[in-house]
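> pasted the sequence and its predicted model underneath.
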Amino acid sequence: MYGPADITIESEFKCLGIVADLDIIILKDKKMGLVIPKLVVIGYVLFSFANSVYAGVTSSFIRSEWPSVDIPLDNEVFEIPSGYNAPEQVHITQGDYDGKAVIIIWVTPIEPGSNQVRYGKSEKKYDFTAEGTVKNYTFYNYTSGYIHQCLVNDLEYDTKYFYEIGEGDSARSFWFQTPPKIDPNASHKFGIIGDLGQTYNSLSTLEHYIESGAQTVLHVGDLSYADRYTYHDMGVRWDSYGRFVEKVQAYQPWIWTAGNHEIEYMPYMNEVVPFKQYLYRYPTPYAASESSSPLWYAVRRASAHIIVLSSYSPFVKYTPQYEWLEAEFKKVDRKKTPWLIVIMHTPIYNSNSAHYMEGESMRAAFESWFVQYKVDVIFAGHVHAYERSYRISNIHYNITGGISYPVPDKSAPVYITVGDGGNQEGLASRFNDPQPDYSAFREASYGHSTLEIMNKTHAFYHWNRNDDGKKVATDAFVLQNQYWNKSSKKETEKELYAHNRPDSRT
Ligand SMILES: [Fe+2]
């Protein structure tokens with residue numbers, strides 16, 4: 001009874017849990033009616049056997065893992081760049097609503113130094129400059145370095161920019177590529193990473209991500225895990241994390257959302273302002289989407305409209321986040337940005353024993369909108385394992401109605417938990433048994449996902465288990481767009497027509 005009618009060839013993609021790397025074959029089968037290759041048939045048979053027991057697949061893969069401990073601070077991955085007061089911890093994020101700007105953030109350790117970004121379209125030839133701002137903070141007995149942030153705007157789409165920061169011999173240079181202009185058929189490859197931390201498993205995730213060739217990361221929260229430390233070391237571990245991820249974050253934007261490890265509510269240290277260190281270090285373009293807080297916002301990139309929610313900020317009716325989201329959903333134009341993606345930290349549908357049902361309150365608040373606006377996919381983290389749902393909803397649940405079970409719903413998003421970046425807390429390896437009907441695939445391994453949008457109708461989705469190297473897609477499928485796939489589009493048009501008919505206005 002369960003099956004995502006909108007996801008291409010359910011059985012074949014599910015067998016990817018057993019037989020990997022067949023996404024291209026799947027497309028050919030569906031679109032061209034080719035003979036199904038032997039490998040797929042074998043996989044299908046294996047899957048069918050598994051499916052006779054459970055609705056979904058709980059992977060039995062035994063993974064190797066490094067101990068869940070942070071990499072020592074003297075390791076080369078945390079190396080401080082050479083030169084007096086050299087910029088470090090360089091990271092960028094989208095700086096506006098539509099992808100023509102970036103915010104560049106970096107830290108100078110000894111003195112403020114220059115706030116200037118020099119940039120241009122040729123290497124070492126910087127025709128433009130932008131001026132940023134600088135600030136620092138204290139957290140208990142830790143004093144941060146000088147945190148610079150600079151908005152670089154009015155960029156051209158689809159263009160490689162080179163940039164330089166810092167002064168004299170300590171200057172450092174990087175580059176980034178702007179996305180294509182907002183267009184329904186613009187292609188773009190997103191990576192999805194969650195709960196990363198700074199262990200050897202985190203490093204493996206980062207290295208596998210680099211091999212994926214994706215262009216933008218959606219980070220679903222829990223960044224440095226610095227709050228696993230106390231006193232001075234908390235700040236130190238934010239700094240080491242910043243240096244650790246620079247090799248990716250200086251070159252492509254990460255769209256970040258806050259997790260519980262960013263809250264850092266620490267009364268025993270007299271630090272009671274939630275998200276203090278995170279907000280100093282990870283700005284967002286929230287004002288561009290008329291949000292009142294950097295913790296929830298939206299950006300449009302290529303053909304995607306990405307909504308970032310804060311699981312740890314008020315979201316019930318009448319709160320700023322609720323009212324903002326209500327308005328933001330109304331601004332989504334699927335004719336311009338066909339792909340509607342939501343990211344948050346706490347998963348709404350997840351059958352792991354860890355953090356079970358922690359997303360239920362947000363589900364009650366927002367799920368009906370996710371269905372009404374036909375969100376394509378929702379990515380979350382928090383649970384340190386991988387899980388994907390079918391398209392299901394529980395919007396008919398009410399306290400007195402007696403209906404309290406998720407049911408198949410073609411208008412609902414696919415829910416994907418990717419909290420498996422590799423932090424020092426380790427894997428969440430205990431899943432609830434039996435696997436609930438709504439759960440399509442689940443496995444406790446480290447990894448990351450990619451979503452490669454091809455055009456307005458199709459995107460390739462992969463979950464990549466670290467153990468397997470870049471060639472193996474452990475869970476993969478072709479995601480059909482909720483608005484532009486034929487059956488959904490017809491329904492949407494019918495609904496619009498019904499709404500606009502004079503006799504429907506009562
Ligand atoms: Fe978390």
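Sure, I can see it.

> so who does whichever residue of the chain sits closest to the ion touch?
Proximity of the chain to the ion (Cβ to the ion) peaks at His382, 3.8 Å away. Using the backbone N, CA and C atoms, a C-beta is placed for each residue, glycine as well. Counting by Cβ atoms under 8 Å, 6 or more residues apart in numbering, His382 touches 194-195, 220-222, 259-260, 311, 345-347, 355, 358, 417, 419.

> now with 6 Å?
345-346, 355, 419 (Cβ atoms under 6 Å, 6 or more residues apart in numbering).

> of those, which is the most crowded?
Gly419 (32 neighbours; other Cβ atoms under 10 Å).

> from Gln215, how far off is that one?
Separation of Gly419 from Gln215 (Cβ to Cβ, to the nearest Å): 22 Å.

> please apply the same query to Ser449.
For Ser449, the distance to Gln215 - Cβ to Cβ - is 14 Å.

> out of the two, which sits in the busier spot?
Ser449 (30 against 22).

> specify the beta-bridge partners of that one.
Note on Ser449: beta-bridge partners Ile192, Trp463, judged by DSSP bridges.

> what's the spacing between it and Ala354?
As for Ser449, its distance to Ala354 is 19 Å (criterion: Cβ to Cβ).

> do the same with Gly381
Distance from Gly381 to Ala354, by Cβ to Cβ: 12 Å.

> of these two, which one has the most company?
For Gly381 and Ala354, the more surrounded residue by other Cβ under 10 Å is Gly381, and the numbers stand at 30 against 18.

> the more buried one contacts Ile193, correct?
No: the criterion here is Cβ atoms under 6 Å, and Gly381 misses it with Ile193 at 8.3 Å.

> secondary structure, pLDDT and distance to the ion added to the contacts of His382, as JSON lines?
Below are the contacts of His382 laid out as JSON lines (DSSP: H, G, I helix; E, B strand; the rest coil; pLDDT from 0 to 100; distance: Cβ to the ion, whole Å):
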{"residue": "His345", "secondary structure": "coil", "pLDDT": "98", "distance to the ion": "6"}
{"residue": "Thr346", "secondary structure": "coil", "pLDDT": "98", "distance to the ion": "7"}
{"residue": "His355", "secondary structure": "coil", "pLDDT": "96", "distance to the ion": "7"}
{"residue": "Gly419", "secondary structure": "coil", "pLDDT": "96", "distance to the ion": "7"}
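
> need those residues in a markdown table with distance to Asn141, can you?
Compiled in a markdown table, those are given as follows (distance: Cβ to Cβ, whole Å):
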| residue | distance to Asn141 |
| --- | --- |
| His345 | 29 |
| Thr346 | 31 |
| His355 | 32 |
| Gly419 | 31 |
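
> closest to Lys276 out of the residues you listed?
His345 (17.3 Å; Cβ to Cβ).

> what's near enough to touch Gly447?
420, 463-466.

> would you turn the residues you listed into a markdown table with pLDDT, distance to the ion and neighbour count?
As requested, the contacts of Gly447 are arranged in a markdown table below (pLDDT from 0 to 100; distance: Cβ to the ion, whole Å; neighbours: other Cβ atoms under 10 Å):
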| residue | pLDDT | distance to the ion | neighbour count |
| --- | --- | --- | --- |
| Asp420 | 95 | 12 | 30 |
| Trp463 | 95 | 19 | 25 |
| Asn464 | 92 | 21 | 28 |
| Arg465 | 90 | 20 | 22 |
| Asn466 | 88 | 19 | 26 |
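
> C-alpha coordinates for the helix or strand Val371 falls within, PDB please?
Here Val371 sits within helix 360-372, counting by DSSP states H and E. The C-alpha trace of helix 360-372 is given here as PDB (Å, rounded to 0.1, in the frame of the first residue of the first chain):
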ATOM      1  CA  GLU A 360       6.200  16.000  16.700                       C
ATOM      2  CA  SER A 361       5.400  19.600  17.900                       C
ATOM      3  CA  MET A 362       6.700  21.100  14.600                       C
ATOM      4  CA  ARG A 363       4.800  18.500  12.700                       C
ATOM      5  CA  ALA A 364       1.600  19.600  14.400                       C
ATOM      6  CA  ALA A 365       2.400  23.200  13.600                       C
ATOM      7  CA  PHE A 366       3.600  23.000  10.000                       C
ATOM      8  CA  GLU A 367       2.800  19.700   8.300                       C
ATOM      9  CA  SER A 368      -0.500  20.900   6.700                       C
ATOM     10  CA  TRP A 369       1.400  23.600   5.000                       C
ATOM     11  CA  PHE A 370       4.100  21.200   3.800                       C
ATOM     12  CA  VAL A 371       1.300  19.200   2.100                       C
ATOM     13  CA  GLN A 372      -0.700  22.200   0.900                       C
END
